[in-house]
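>>> structure for the following, please:
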Amino acid sequence: MSATSDVSRKRAELERYPFGSHGRDLGLFDLAVALHNRFTKGKKIDDLDKAIGLHRAALELRPSGHPDRSSSLHGLAACLSNKYNKGGVIADLEEAVTLGRAALELRPPGHRDRGISLQSCL
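Residues are numbered from 1 along each chain as shown. I've put the predicted structure just below:
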């Protein structure tokens with residue numbers, strides 16, 4: 001499946017979750033991931049900016065204690081790291097590091113995604 005068709009499919013899936021509905025956080029997260037993946041292939045900054053906005057929206061719906069909060073923190077950190085690599089804005093890097101550390105704190109030794117968070121800290 002192409003990155004563009006994946007974005008279209010995830011966008012359609014998100015439309016099934018109106019504001020305030022259960023599952024909207026996952027729809028936002030999945031579309032953000034699809035846009036980030038498309039950015040990695042096409043390097044269109046607009047895709048990355050949209051992914052960042054969607055990750056932020058998903059994170060708002062995943063407060064402290066939410067089981068998927070670490071995934072949102074990690075996804076947003078990855079996008080901001082890519083944005084720093086593209087534009088060199090130190091604030092993007094600083095936020096990426098802060099969010100990456102927060103994700104790592106939620107992934108203690110033994111957590112299935114701890115290795116991903118540790119690798120991102122390098």
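>>> quick one: which helix or strand includes residue 26?
Here residue 26, judged by DSSP states H and E, is contained in helix 24-42.
>>> quick one: mean pLDDT for that helix?
What helix 24-42 shows for mean pLDDT is 96.
>>> give me the buried stretch members for it, please.
24-39 (16 or more other CB atoms under 10 Å). C-beta here means a position set from N, CA and C on the backbone, and glycine is covered the same way.
>>> for the residues you listed, which one is nearest residue 50?
Relative to residue 50, the closest of the buried residues of helix 24-42 is residue 35; by CB to CB it sits at 5.1 Å.
>>> so the residue lying closest to that closest one once chain neighbours are set aside: helix, strand or coil?
Once flanking residues are discounted, residue 35 sits nearest to residue 51: 4.0 Å by CB to CB, 6 or more residues apart in numbering. Going by DSSP: H, G, I helix; E, B strand; the rest coil, the secondary structure assigned to residue 51 is helix.
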